[in-house]
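Enquirer: just the structure for this:
(chains A and B)
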Amino acid sequence: NAGVTQTPKFRILKIGQSMTLQCTQDMNHNYMYWYRQDPGMGLKLIYYSVGAGITDKGEVPNGYNVSRSTTEDFPLRLELAAPSQTSVYFCASSIYSGYGYTFGSGTRLTVV
Amino acid sequence: DAKTTQPPSMDCAEGRAANLPCNHSTISGNEYVYWYRQIHSQGPQYIIHGLKNNETNEMASLIITEDRKSSTLILPHATLRDTAVYYCIVRVPTTSGTYKYIFGTGTRLKVLA
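Expert: Okay, here's the model as predicted:
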């Protein structure tokens, strides 16, 4: 049972480039989340989804987009990378919103 | 903004109980308290959660005061592998009818040999 899998683990982007951070879970969880964590800080919610075809903005959605075409996958898209998006990105899932989340191991992104 | 306040750091001797406090004085009646920990730069790990009754599982115990304005996470016999940042989180409702976590900066617990 793989849980929540994130790829890639590390990435360096140039300003203005775009990329997609992948997240997939094999637990049949309806709820999925994207967080970012800046150095020495707690996690901030970017986007979340309560099921396939349904997404909503979190605390810091600007500069990002998401889609949820299947229960398993919840990719995060950066269209025009900026240095302010340098961070560690975590994907998480839960069987319902009140249950404990399972987090992935993160993607460390640097924008230069 | 985070609805919780935690001390930035704590030390605990190996084998002793680690008691991590959290203040959530503005918590509403139906808001749960969750605890997670983050080891190194890994993804956070769920520990426990509760509403108003004390809770215990295989990892820890959660003691919530009667007025629900504060809580304490107890690791009964801390080991070196419990060294981590511990987050106390109040789950808040979203505009779409679900819930979300608002993370603070947590408590960095160091277990000493």
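Enquirer: what is the neighbour count of A:Pro8?
Expert: Close neighbours of A:Pro8, defined as other C-beta atoms under 10 Å in any protein chain shown, add up to 11. Using the backbone N, CA and C atoms, a C-beta is placed for each residue, glycine as well.
Enquirer: gap between the residue nearest to it when sequence neighbours are not counted and A:Thr7?
Expert: Once flanking residues are discounted, A:Pro8 sits nearest to A:Thr107: 6.1 Å by C-beta to C-beta, 6 or more residues apart in numbering or on different chains. From A:Thr107 across to A:Thr7, the span is 7 Å (C-beta to C-beta, to the nearest Å).
Enquirer: what's the helix or strand for the most centrally placed residue in chain A?
Expert: Residue closest to the mean C-alpha point of chain A, counted by C-alpha atoms, centre = their mean, is A:Trp34 at 3.2 Å. A:Trp34 belongs to strand A:31-37 when assigned by DSSP states H and E.
Enquirer: same check on B:Arg91?
Expert: Per DSSP H and E: strand B:84-93 holds B:Arg91.
Enquirer: quick check, that strand touching chain A?
Expert: Yes: for strand B:84-93 and chain A, the contact criterion (C-beta under 8 Å from any C-beta of the partner chain) is met by B:87, B:91.
Enquirer: and that strand, what's its mean pLDDT?
Expert: Per-region confidence: strand B:84-93 scores 90 on mean pLDDT.
Enquirer: so in that sheet, which strands flank that strand, and in what orientation?
Expert: strand B:33-38 (antiparallel), strand B:99-102 (antiparallel), strand B:107-112 (antiparallel) (DSSP bridges).
Enquirer: can you list the buried residues in the lowest-mean-pLDDT helix or strand in chain B?
Expert: Of all helical and strand segments in chain B, the minimum by mean pLDDT, DSSP states H and E falls on strand B:99-102, at a mean of 80. Buried residues in strand B:99-102, counting neighbours by 16 or more other C-beta atoms under 10 Å in any protein chain shown, are found at B:99-102.
Enquirer: repeat for stretch A:90-103
Expert: Those would be A:90-94, A:97, A:100-103, for stretch A:90-103 by 16+ other C-beta under 10 Å.
Enquirer: determine which two of these are furthest apart.
Expert: A:Phe90 and A:Ser97 (17.0 Å; C-beta to C-beta).
Enquirer: circling back: how near is the residue nearest to the centre of chain A to A:Thr7?
Expert: Per C-beta to C-beta, A:Trp34 is found 14 Å from A:Thr7.
Enquirer: quick check: neighbours shared by the two?
Expert: A:Leu21 (C-beta atoms under 8 Å, 6 or more residues apart in numbering or on different chains).
Enquirer: which of the strands paired with strand B:84-93 has the lowest mean pLDDT?
Expert: strand B:99-102 (a mean of 80).
Enquirer: who's in contact with it?
Expert: A:33, A:43, A:45, A:48, A:58-59, A:97-98, A:101, B:1-3, B:34, B:89-94.
Enquirer: from the chain's centroid, how far away is the least confident helix or strand of chain B?
Expert: 14 Å (C-alpha atoms, centre = their mean, to the nearest Å).
Enquirer: would you mind confirming that B:Gly104 is in contact with A:Gly42?
Expert: Yes: with contact defined as C-beta atoms under 8 Å, B:Gly104 counts as touching A:Gly42 (5.2 Å).
Enquirer: show me what from chain A comes close to chain B.
Expert: Within chain A, the positions near chain B by C-beta under 8 Å from any C-beta are A:4, A:31, A:33, A:35, A:40-45, A:48, A:50, A:56, A:58-59, A:88, A:90, A:92, A:97-98, A:100-106, A:108.
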